[in-house]
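# Predicted model, plus sequence, below.
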Amino acid sequence: MTERTLAIIKPDAVARRLTGTIIQRIEEAQFQIRAMRRVELTRKQAEGFYAVHRERPFFASLTSFMSSGPAIVMVLESADAIKKWRMLMGATDPAKADAGTLRKEFAESIERNATHGSDAPDTAAYEIGYFFPGIDLV
Ligand code: GDP
C-alpha cells in the first residue's frame with residue numbers, strides 16, 4: 001500500500017552538512033520526496049511537535065536541541081513508507097542501531113540522532129499537517 005511519512009533531518013545532521021548524503025540515501029531507497037522545507041523551529045513549535053513526550057525527562061533537552069538550528073522536513077512516499085523509513089533510520093539509540101542504518105552511521109547520541117520518522121499512520125497524518133498545512137502534495 002502506498003503510504004506517506006514525515007521525515008526530518010535534525011539540526012545535528014544539518015549542522016554537520018549531512019543533508020545531501022541523507023537525501024541521497026532516501027532516493028537510493030526509492031522513496032519519492034513529495035514535499036521538502038528547511039525550517040528553524042521555535043521552542044514552542046518543537047514543543048508542539050513533540051507534545052506526546054511532554055512528561056518525559058528529556059523533553060526540555062529534546063525541544064531545546066530541535067530548536068537549536070535549521071532542520072529539513074520532508075514528506076516521503078513509497079509502499080509501506082512508515083516502516084521502511086524507520087528501518088532505514090535504525091533504532092533511536094545509535095548504540096543499538098543496526099549496521100548500515102542512518103542513525104548508526106550519523107547519530108551522535110540517543111538525542112542528537114540525525115533523523116526523525118513518524119511511527120504510525122495517525123502520527124504521520126498529524127506530523128505532515130504540522131509542517132505542510134493545506135498543501136497539495138503533488
Ligand atoms: P524515535 O521515534 O525513534 O525518534 O524515538 P522516540 O519517539 O522515543 O523519541 C523521540 C526523540 O526523543 C528521539 O528521536 C530522540 O531525539 C529523543 N530521545 C528519545 N529517547 C531519549 C532519551 O532517553 N534521552 C534523550 N536525551 N533523548 C531521547
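The structure has been received and is ready for your questions. Numbers count the residues shown, from 1 in each chain.

# For residue 94, give me its contacts.
Residue 94 makes contacts with 103, 104, 107, 108, 109, 110, 113, as judged by C-beta atoms under 8 Å, 6 or more residues apart in numbering. For glycine as for every other residue, the C-beta is placed from the backbone atoms N, C-alpha and C.

# what subset of those is also close to the ligand?
Restricting the contacts of residue 94 to those near the ligand by C-beta under 6 Å from any ligand atom leaves 110, 113.

# out of the contacts of residue 94, which are inside helices?
103, 104 (DSSP state H).

# Which of the contacts of residue 94 are buried? Put it as a PyMOL command.
A single PyMOL command selects the buried members of the contacts of residue 94 (16 or more other C-beta atoms under 10 Å):
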select buried, resi 103+104+107+113
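
# Present the contacts of residue 94 as JSON lines; the columns should include pLDDT.
Formatted as JSON lines, the contacts of residue 94 follow (pLDDT from 0 to 100):
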{"residue": "103", "pLDDT": "98"}
{"residue": "104", "pLDDT": "98"}
{"residue": "107", "pLDDT": "98"}
{"residue": "108", "pLDDT": "97"}
{"residue": "109", "pLDDT": "98"}
{"residue": "110", "pLDDT": "98"}
{"residue": "113", "pLDDT": "98"}
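
# Alongside the ligand, which residues does this structure contribute?
Checking the chain against the ligand by C-beta under 6 Å from any ligand atom, the hits are 53, 58, 61, 62, 92, 110, 111, 113, 116, 119.

# let's go with 8 Å and repeat that
10, 50, 52-53, 56-58, 61-62, 65-66, 86, 89, 91-93, 109-113, 116-117, 119 (C-beta under 8 Å from any ligand atom).

# Please enumerate the strands of this protein.
2-9, 32-39, 71-79, 115-117 (DSSP state E).

# Mean pLDDT added to these, as CSV?
Supplementary listing: the strands of the chain in CSV, determined by pLDDT from 0 to 100:
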stretch, mean pLDDT
strand 2-9, 97
strand 32-39, 97
strand 71-79, 98
strand 115-117, 98
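
# how about those in JSON lines, adding mean neighbour count and distance to residue 26?
Converted to JSON lines, these look like this (neighbours: other C-beta atoms under 10 Å; distance: least, C-beta to C-beta, whole Å):
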{"stretch": "strand 2-9", "mean neighbour count": "22", "distance to residue 26": "7"}
{"stretch": "strand 32-39", "mean neighbour count": "14", "distance to residue 26": "7"}
{"stretch": "strand 71-79", "mean neighbour count": "20", "distance to residue 26": "6"}
{"stretch": "strand 115-117", "mean neighbour count": "23", "distance to residue 26": "10"}
